[in-house]
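Novice: Coordinates only, no sequence provided:
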């Protein structure tokens, strides 16, 4: 139980850092600025629900995980197929969300 709580707190912090990263990208006008601002709000909301109400977070985080799997999965595949560098950030996202959803599901069952 202690380990899953630690995973949830670390995950909440990771989501908050992701929100900060999107805010920085938006403020620099890198990429789709509106999308970055949307993910500032989404990631902050996800961080809050994971930290404060993990029992209620399973469904919204699972939906976010599906969206991220499509988005970052596509980016990762493109980085593998294309001439560009390997997309380590997308790989991290694709590992992070299944771990978080699994941990939330375990917590919900308790």
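Specialist: Structure received. These numbers were taken from a predicted model, which means no experiment stands behind them.

Novice: tell me what the longest helix along the chain is packed against?
Specialist: Counting residues, the longest helix in the chain under DSSP state H turns out to be helix 54-81. Judged by 3 or more Cβ pairs under 8 Å, 6 or more residues apart in numbering; DSSP states H and E, helix 54-81 is in contact with helix 33-52, helix 88-109. For glycine as for every other residue, the C-beta is placed from the backbone atoms N, C-alpha and C.

Novice: Show me where the protein dips below the pLDDT cut-off.
Specialist: The chain contains residues with pLDDT under 70 at 1.

Novice: roughly how far apart are the residue of it most remote from its centre and residue 44?
Specialist: Relative to the centre of the chain, the most outlying C-alpha is that of residue 83, 25.9 Å out, by Cα atoms, centre = their mean. Residue 83 sits 35 Å away from residue 44, going by Cβ to Cβ, to the nearest Å.

Novice: likewise residue 63?
Specialist: Counting by Cβ to Cβ - residue 63 and residue 44 are separated by 16 Å.

Novice: One more: residue 23?
Specialist: From residue 23 across to residue 44, the span is 9 Å (Cβ to Cβ).
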